[in-house]
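Student: Sequence plus the predicted model coming up.
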Amino acid sequence: MTDFYNIDDLLSDEQKIARDATNAFITKDVQPIIEEFAQKSEAPQHLIQKFGEMGLFGPAIPTEYGGGGMDDISYGLIMQEVERGDSGLRSMASVQSSLVMYPIYAFGSEEQRKKYLPKLATGEFLGCFGLTEPNHGSNPSGMETHLIDKGEYYLLNGAKMWITNSPIADIAVVWARDENKRVKGVIVEKGMAGFTAPEIHNKWSLRASSTGELVFDNVKIPKENILPNKDGLGAPLMCLDSARYGIAWGAIGAAIDCYETARDYSLERTQFDKPIGGFQLTQKKLSEMLTEITKAQLLALRLGQLKVKGQATSTQISMAKRNNVEMALKIAREARQILGGMGISGEYPIMRHMMNLESVITYEGTHDIHLLILGADITGIPAFK
Ligand code: TGC
Ligand code: FAD
């Protein structure tokens, strides 16, 4: 386990147990099969229940609702280990935990919490989160999906695009404007008349993750399916803060897998009668990778400490998501070079991580949107519009 600055010393026993148990599970149950699923572009659905059994869904949700009752650093470490396996599986888990369980816990009624959270925690239910639309990605405030109050129920119309888990999800937390133009969270259940979730095909990235649309054609939404305790765009943006935080940790896992693969390969592969790890140019690459991973680990841990105290700001989360994903993508590219021709082979995980990270750098706010979030914080002048 790459830990050059002994960050392990700063973790509690509970945090280390969460990380090590996830690490062992990913090594045993995920790494041997994930390449095959990515090659055939299929989500390994048999893992959903195992993720539930391992406590990887809602680790920070209170135990009374079936969650793990752990702190945010444990959650981050779990995301790191899952993404060491594959960013697509981390997507499945972070959508479930941060974008489905979190809003139901934070904005839902007691009945909604009791009805959905325990089943989401065990993996009996899989959820998805619908914010992005065909015409509104970086600017969700332009959303067209809307609710009309029909007295006993709402009518939901519109469409969401690029939705992780949607084709295989049992429920969707969907964001729509009501007649007063307020953004509301809606729990849409599979099987509701007028609701479909077609799969998006032909992805070169996150191939072991199921991605689709959400289409609402006069879907009757019972009033008890509206999240009652928060409305406005701030509600989905709070969910994004939680997921972006998990990604800041998760990207470190992908980077470590690439770095360790390249380091080991460089010691085994001989050219010009010596291991390629003995050439200065390879050592420069490996040294810089280790330095960047260490900086990212320290950034994530400090962010985690702030989050545990309830002090992490959205802008701090943006900085960590942006930095750590770019770090991981650069390391994947350098690691691929160290492996030469073998770098493009599915015998090694590097190319899969690299292609996955091309999505991670775009979703949950693009690399440039996070730059603008930071710029607005520094100057007080939003440059989005
Ligand atoms: P703006 O006017 O700044 O804010 C609107 C309202 O929201 C409040 N707010 C926040 N509240 C909580 N947390 C935050 N981080 C918040 N940021 C803003 C704000 O105070 C305001 O409240 P109120 O009461 O005054 O209305 O919003 P804006 O429209 O100018 O947009 C700002 C911007 C561009 C930063 C935002 O729209 C943004 O982040 N865009 C990126 C969209 C995005 O990240 N989409 C992700 C979709 S989900 C996904 O990708 C899942 S990937 C699967 C996986 O995770 O694996
Ligand atoms: P656009 O917003 O059209 O952006 C295109 C380019 O323009 C980007 O480079 C962007 O940075 C740039 N740009 C946009 N606005 C500005 C500006 N003001 N200034 C400068 N540059 C700008 N969404 C969900 O709701 N739920 C999910 O589960 C989900 N899962 C996803 C899974 C995958 C595999 C992918 C690829 C996406 C997923 N998304 C999901 C959607 C994701 O959040 C969006 O793709 C992302 O927010 C960007 O939106 P967009 O693709 O419409 O790009």
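Tutor: Now that the structure is in, tell me what you want to look at. Residues are numbered from 1 along each chain as shown. Ligands and ions are numbered 1, 2, ... in the order given.

Student: Give me the distance between Met319 and Ala296.
Tutor: Applying CB to CB, to the nearest Å, the value for Met319 to Ala296 is 11 Å. All C-beta atoms are positioned from the backbone trio N, CA, C, and that covers glycine.

Student: of these two, who's got more company?
Tutor: Legend: neighbour count by other CB atoms under 10 Å for Met319 and Ala296, higher for Ala296 (24 against 19).

Student: Nearest spatial neighbour of that one, chain-adjacent residues omitted?
Tutor: With sequence-adjacent residues excluded and distances taken as CB to CB, 6 or more residues apart in numbering, Ala296 is closest to Asn324, at 4.5 Å.

Student: Any chance of the backbone angles for the one you found?
Tutor: Note on Asn324: backbone dihedrals following degrees, to the nearest 10 are phi -70, psi -30.

Student: Show me what from the stretch 151-300 of the chain comes close to ligand 1.
Tutor: Those residues of the stretch 151-300 of the chain that sit near ligand 1, judged by CB under 6 Å from any ligand atom, are Thr164, Gly232, Leu233, Gly234, Leu237, Met238, Leu240, Asp241, Ala243.

Student: so of the residues you listed, which ones are in helices?
Tutor: Gly234, Leu237, Met238, Leu240, Asp241, Ala243 (DSSP state H).

Student: ranking those by neighbours, who comes first?
Tutor: Neighbour count (other CB under 10 Å) singles out Ala243 as the most crowded of these, with 24 neighbours.

Student: can you list the domains in this structure?
Tutor: Per automatic domain parsing, the structural domains of the chain span 7-126, 128-225, 234-379.

Student: Could you export the ones you listed as TSV, including mean pLDDT?
Tutor: Below are the domains of the chain laid out as TSV (pLDDT from 0 to 100):
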stretch	mean pLDDT
domain 7-126	98
domain 128-225	98
domain 234-379	98
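
Student: Distance check, the closest residue to Thr22 other than its chain neighbours against Ser74.
Tutor: Among residues not flanking Thr22 along the chain, Glu81 sits closest, at 3.8 Å (CB to CB, 6+ apart). Distance, Glu81 to Ser74, by CB to CB: 11 Å.

Student: likewise Asn225?
Tutor: Using CB to CB, we find Asn225 at a distance of 31 Å from Ser74.

Student: quick one, which of those two is more surrounded?
Tutor: More crowded of Asn225 and Ser74, by other CB under 10 Å: Ser74, with 25 against 22.

Student: can you pull the contacts of that one?
Tutor: If you count contacts by CB atoms under 8 Å, 6 or more residues apart in numbering, Ser74 has them with Glu14, Gln15, Ala18, Arg19, Pro59, Ala60, Gly68.

Student: want to throw these into a markdown table with secondary structure?
Tutor: Below are those laid out as a markdown table (DSSP: H, G, I helix; E, B strand; the rest coil):
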| residue | secondary structure |
| --- | --- |
| Glu14 | helix |
| Gln15 | helix |
| Ala18 | helix |
| Arg19 | helix |
| Pro59 | coil |
| Ala60 | coil |
| Gly68 | coil |
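
Student: Generate a ChimeraX selection restricted to the buried entries among those.
Tutor: If you want just the buried ones from the contacts of Ser74 in ChimeraX, going by 16 or more other CB atoms under 10 Å, the selection is:
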select :15,18,19,59,60,68
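
Student: Could you work out the most separated pair of the contacts of Ser74?
Tutor: Arg19 and Ala60 (14.2 Å; CB to CB).

Student: just checking, Asn218 touches Tyr153?
Tutor: No. Asn218 is beyond contact range of Tyr153, at 10.9 Å (criterion: CB atoms under 8 Å).

Student: Show me which residues of the stretch 151-300 of the chain are close to ligand 2?
Tutor: Counting by CB under 6 Å from any ligand atom, the positions of the stretch 151-300 of the chain adjacent to ligand 2 are Trp162, Ile163, Thr164, Leu206, Thr211.

Student: and the second one, how many neighbours does it have?
Tutor: Right, Ile163. Counted with other CB under 10 Å, Ile163 comes out at 24.

Student: Helices along the stretch 201-350 of the chain, start to end?
Tutor: For the stretch 201-350 of the chain, applying DSSP state H, counting those that start in this stretch gives helices covering 234-268, 280-308, 314-338, 350-360.

Student: now the last one against helix 234-268, angle please.
Tutor: Orientation note: helix 350-360 sits at an angle of 160 degrees relative to helix 234-268 (axes from the mean of the first three to the mean of the last three CA atoms, to 10 degrees).

Student: just to revisit the earlier point, more neighbours: which of Asn218 and Tyr153?
Tutor: Tyr153 (16 against 11).

Student: Look up the closest residue to the more buried one, ignoring the ones flanking it.
Tutor: Using CB to CB, 6+ apart, the closest residue to Tyr153 is Lys220 (4.9 Å).

Student: ok, the one you found - contacts?
Tutor: Counting by CB under 8 Å, 6+ apart, Lys220 has contacts Lys150, Tyr153, Tyr154, Leu155, Leu156, Met192, Ala193, Gly194.

Student: Give me the distance between the third one and ligand 1.
Tutor: It stands for Tyr154. Tyr154 is 21 Å from ligand 1, where distance means CB to the nearest ligand atom, to the nearest Å.

Student: One more: the first one?
Tutor: Shown here: Lys150 relative to ligand 1, a distance of 26 Å by CB to the nearest ligand atom.

Student: what about that residue, neighbour count?
Tutor: Residues near Lys150, counting by other CB under 10 Å: 11.

Student: List the contacts of it.
Tutor: Applying CB under 8 Å, 6+ apart, the residues near Lys150 are Lys220.

Student: Next, give phi and psi for it.
Tutor: The phi/psi pair for Lys150 (degrees, to the nearest 10) is phi -110, psi 20.

Student: Please shift the residue numbers so they start at 554 in all later answers.
Tutor: Okay, residue one is now 554; in that scheme the one you just asked about reads as Lys703.

Student: As a check, name the ranges of all strands in this protein.
Tutor: In the chain, the segments counted as strands under DSSP state E are 680-683, 699-702, 706-717, 724-730, 736-742, 748-749, 764-775, 823-824, 827-828.

Student: All set, thanks.
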